[in-house]
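1. sequence and computational prediction follow.
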Amino acid sequence: MSVGADTVVNSGPEPRSGPAGDAARVEEAARKVVQDHDPRSVSQKEFLGACFDAGLSWVHFPVGLGGLGVSRGLQANADAILQDAGGPTPFALNPIGYGMAAPTLSEHARTPDRAAEWLRPLATTQDIWCQLFSEPGAGSDLAGLATSAVRDGDEWVVNGQKVWTSLAHRANWALLLARTDPDVPKHKGLTYFVLDMHAPGVETRPLRQMTGQAEFNEVYMNDARIPDAHRLGAVGAGWRVAMTTLMNERTAIGGGSSRRGTGTIADAVALWADRPDLHTPILRDRLAKLWTTAEAQRLTGERSRATATAKGPGPEGSVGKLVGAELNQQIYEFCMDLLGAEGTVYGDYTLRDITRNEDYRGPIQQRFLRSRANTIEGGTSEVLRNILGERILGLPGDMRADSDRPWREVPRG
Amino acid sequence: MAEQAENPGLANTEFAFTDEQQELRRAVRKFCAEFSDEATVRALMESPTGYDPKSWARLGAELGVLGLAVPEELGGAGGTLVDQAVVVEELGAALFCGPVFGTVGLAIPALVASSEGPVRSETLEPLVEGARTAAFAVADRGGRFDPTSLTVGATRAGNGWGLTGVVERVVDAAAADVLLVAASGPDGVALFVVEGEAAGVERQVLSTLDMTRRQATIRLTDAPAQLLAGPDEAERVCAHALDVGATLLAAEQVGAAQHLLDLTVGYAKERLQFGRPIGSFQAVKHRLADMLVSVEHARSAAYHAAWALQDGTDDPWLAASIAQATCSEAFVDVASGTVQLHGGIGFTWEYQAHLYYKRAITDAALLGSAEAHRGRIAASVLDPSIGRLPPPPVATGVL
């Protein structure tokens, strides 16, 4: 989680069809992995390591970095074979690693060897990754972040605080965006690093959220040291590197199509089906409206995929996050209104780590509270409306108070 | 999901427009720029008949776009409902004045769905050619055909039939050459063809909220009629026509809403207040972003319905109801936003916003309101689920 005003939209999937030979090569490699490393009998790490070595972790990456240098669309061909044989969904096990760190490392690591050293344990999920972007003072305005990195010989010394960091408590490595030059405008003074989460001076604390649980963390860095070899991209070019990460946030989360009536709307329909004693005509119309909106959004996703395959992605691809988040909230608001007084009791506010149980969404009341974050995380709805307005409709940007001023002089707080 | 993953290339033919459909869109857009510019629309809405028969004939005979989904053996283009939706979308964008709703949306689909015979072919052919126009004088209840609520009776008269009764507020009936009328007869409900100028047909032209789309109340007094679809098929024919009509109306709503979004975005970029374009203010920008979402959802729902009716990939009436429930609200939302974001000029007679706003309000009421279609959706997807789905967990507060 993180990211705001500068979130990149419209980075839909590339055309799915590659040359037929590539598809055959990918599928043959997948069948060989399954044959030599049956995922039902070998360990998960061995299986995912074999996938990496065969170039099936990210088929569009270069050979040697977990890829085969073929079209991104062929990943689905590999995944179908690997997962039909009982293989795991690696994205779910190491989401920041697979979805965001891997493409950034593949593109920006200083040497291919250095990239491979990070990527293989990432692929096996031996190394969980996290992303140190958002800060208490830099949410939507990510580029205004204040964590500093100061050069000291062959090392950088990092001080600052990050927040909303998923999986930081389990991560070995982090993607870190820090300020290396406070005397230039905000976008120009950032540099991108890979931080060892076990380095001295790095402290992780769980961040308890309104549901009572802790999905996220705060990460404090006090004179934490990073070797310069762990810098990605040039000094001062951090924003450009971050763009790679952010562009892949969306494509990683995208993915397969959904069936009618699935997703969070299913919760509301099932609750409705279970509680005829609570029905009213007004609630029925409200649920029908939510169902219809969910269906229109599902069809819009289908249309986005259809047009993205044919040419570039269109505006329909950018409405998903905005609509999905607000619809989730409305769906659970409906559930709570249906339940009435029953909704006012809560299961359990005990603080615990739910990140190890990916399916744990809890009772309706907990899902309701969790949905409040949907319009904040991954770009607030306010920022997303700016993006739709400015990047899709071409409306002029808002007046900015910080454009050409050195970061040091911009008011913060 | 697994099927999708195994056949990534086959996941979607729906929503992928062909080159021919893109060409069709360009051709109709060009036609509208020439023959349905704002000045023409304003002249026609004040004219006696409300449309230009010459333009209509061009659409039928020269462009050949009035019977795109009509099979070739019936004189049509043998294309798809998606082709027809593309055309209706563009006509909607231009607020084209002509019997698109009555003739293309309802009468032609009803004729195509009826069993063959001379009445059908003699009626259908001139409609497809644009030589004549038709209206569908079949009152619906919330977009559904309801045979119990008919207000016209049929009696045998020699070799034909005589119809008596009143059908209120029939769209495009004021100037229609031919009327399709549903009536209760001795053997049940049937669909008849009545000549607009026949004896016993009285048409009271109504002053309508949307001046670009005329309505008339039809009074029939033993009016001579020919049987088109008998009691064995009339209900199916009328239900089919209403589903196609709802789908094409949705396409029209998409076209008009997209036009208004483009218009308002353009205005927000040019209109300066406080020394800056009003589109740079988030209050304006965010309203436009919401209008974009409305248009995108509407487009998805409308074309899903067109594809579903064409290919049988979804329940036709459910797809049509999803389209109407979505597009009616979307067009009204976008039209309201258009008036609001233009400020004072959006409220003037000279500016085009009110023409579209009135079309939006009218379209939303035609063939069932959004609420009525949501009622059908609820009856289909919510009511049958009662007691059948595993309940989601609900906390009881008891630890």
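-> The structure has been received and is ready for your questions. In this text, all values refer to a predicted model and were calculated from it rather than measured experimentally.

2. give me the neighbour count for A:Arg405.
-> 14 (other C-beta atoms under 10 Å in any protein chain shown). Backbone N, C-alpha and C define where each C-beta goes, glycine included.

3. repeat for B:Phe136
-> If we define neighbours as other C-beta under 10 Å, then B:Phe136 has 31 of them.

4. with adjacent residues omitted, what lies nearest to it?
-> B:Leu106 (3.5 Å; C-beta to C-beta, 6 or more residues apart in numbering or on different chains).

5. quick one, helices of the stretch 1-150 of chain A?
-> A:20-36, A:44-53, A:75-84, A:90-93, A:95-96, A:102-108, A:112-124 (DSSP state H, counting those that start in this stretch).

6. just those helices: most buried one?
-> A comparison of the helices of the stretch 1-150 of chain A by mean neighbour count, using mean count of other C-beta atoms under 10 Å in any protein chain shown, puts helix A:95-96 on top with a mean of 24.

7. can you check which strand is longest in chain B?
-> strand B:215-229 (DSSP state E).

8. on that earlier part again, quick one: the helices of the stretch 1-150 of chain A as CSV, columns for distance to chain B and mean pLDDT too.
-> Shown next, in CSV, are the helices of the stretch 1-150 of chain A (distance: least, C-beta to the nearest C-beta, whole Å; pLDDT from 0 to 100):
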stretch, distance to chain B, mean pLDDT
helix A:20-36, 9, 94
helix A:44-53, 16, 97
helix A:75-84, 4, 91
helix A:90-93, 13, 90
helix A:95-96, 18, 92
helix A:102-108, 20, 95
helix A:112-124, 20, 97
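
9. ok, back up a step: quick check: next helix or strand after the longest strand of chain B?
-> helix B:234-270 (DSSP states H and E).

10. number of nearby residues for the residue nearest to B:Phe136?
-> Using other C-beta under 10 Å, B:Leu106 has 30 other residues around it.

11. that one: what secondary structure?
-> Under DSSP: H, G, I helix; E, B strand; the rest coil, the three-state class of B:Leu106 is helix.

12. go ahead and confirm it touches B:Ala246.
-> No - look at B:Leu106 against B:Ala246 with C-beta atoms under 8 Å: they stay out of range, at 9.6 Å.

13. contacts only, for residue 98.
-> All of this refers to chain A. By C-beta atoms under 8 Å, 6 or more residues apart in numbering or on different chains, the contact list for A:Tyr98 reads A:57-58, A:90-91, A:122-123, A:252.

14. wrong one, I was asking about chain B
-> B:51-52, B:55-56, B:59, B:91, B:133.

15. from those residues, which land in helices?
-> Counting by DSSP state H, the contacts of B:Gly98 place B:55-56, B:91 in helices.

16. against A:Asp337, how distant is the residue of chain A most remote from its centre?
-> If you look at how far each residue of chain A sits from its centre, by C-alpha atoms, centre = their mean, the farthest one is A:Asp277, at 40.2 Å. From A:Asp277 across to A:Asp337, the span is 15 Å (C-beta to C-beta, to the nearest Å).

17. same question for B:Gly200.
-> From B:Gly200 to A:Asp337 the distance is 55 Å (C-beta to C-beta).

18. and B:Arg374, how many neighbours?
-> 27.

19. spatially nearest residue to it (excluding sequence neighbours)?
-> Leaving aside its sequence neighbours, B:Arg374 sits nearest to A:Ala288 (C-beta to C-beta, 6+ apart; 4.0 Å).

20. that neighbour: neighbouring residues, count only.
-> 24.

21. ok, it - contacts?
-> Contacts of A:Ala288 (C-beta under 8 Å, 6+ apart): B:325, B:374-375, B:377-378, B:381-382.

22. for B:Val171, same thing?
-> B:101-102, B:135-136, B:213-215, B:366.

23. what of A:Phe216?
-> By C-beta under 8 Å, 6+ apart, the contact set of A:Phe216 is A:1, A:163-166, A:168, A:206-207, A:209.

24. repeat the analysis, applying 10 Å as the threshold.
-> Counting by C-beta atoms under 10 Å, 6 or more residues apart in numbering or on different chains, A:Phe216 makes contact with A:1, A:130, A:134, A:163-169, A:206-209, A:355, A:373, A:377.

25. and the contacts of B:Val171, which is closest to A:Thr262?
-> B:Leu366 (32.4 Å; C-beta to C-beta).

26. and the closest one, how far is that from chain A?
-> Distance of B:Leu366 to chain A, given as C-beta to the nearest C-beta, to the nearest Å: 18 Å.

27. phi, psi for that residue please.
-> Main-chain dihedrals, B:Leu366, degrees, to the nearest 10: phi -70, psi 140.

28. correct me, but it touches B:Phe136?
-> No - using C-beta atoms under 10 Å, B:Leu366 is not in contact with B:Phe136; the gap is 11.0 Å.

29. between those two, what contacts are shared?
-> With C-beta under 10 Å, 6+ apart, B:Leu366 and B:Phe136 have common neighbours B:101, B:105, B:171, B:245.

30. quick one: which two of those are the most distant?
-> Going by C-beta to C-beta, the pair spanning the shared contacts of B:Leu366 and B:Phe136 furthest: B:Val171 and B:Gly245, at 9.8 Å.

31. what's the overlap in contacts for those two?
-> Common neighbours of B:Val171 and B:Gly245 (C-beta under 10 Å, 6+ apart) are B:101-102, B:105-106, B:136, B:366-367.

32. export those to TSV and tack on pLDDT?
-> Converted to TSV, those look like this (pLDDT from 0 to 100):
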residue	pLDDT
B:Phe101	98
B:Gly102	98
B:Gly105	98
B:Leu106	98
B:Phe136	98
B:Leu366	98
B:Leu367	98
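
33. now, which of those sits nearest A:Ala270?
-> For the shared contacts of B:Val171 and B:Gly245, the nearest to A:Ala270 is B:Leu367 (31.6 Å; C-beta to C-beta).

34. just give the number of residues close to residue 215.
-> As the question left the chain open, I've gone with chain A. Here the number of neighbours of A:Glu215 (other C-beta under 10 Å) works out to 19.

35. should've been chain B
-> 23.

36. spit out the contact partners of residue 372.
-> Just going to use chain A. Going by C-beta under 10 Å, 6+ apart, A:Arg372 touches A:209-211, A:328-329, A:332.

37. I was after chain B.
-> B:Ala372 touches B:140-144, B:321, B:324-325, B:328, B:365, counting by C-beta under 10 Å, 6+ apart.

38. if we go to 8 Å?
-> By C-beta under 8 Å, 6+ apart, the contact list for B:Ala372 reads B:142-143.

39. buried stuff in whichever strand or helix holds it?
-> If you go by DSSP H and E, B:Ala372 is part of helix B:370-377. Within helix B:370-377, the residues scored as buried using 16 or more other C-beta atoms under 10 Å in any protein chain shown are B:370, B:372-377.
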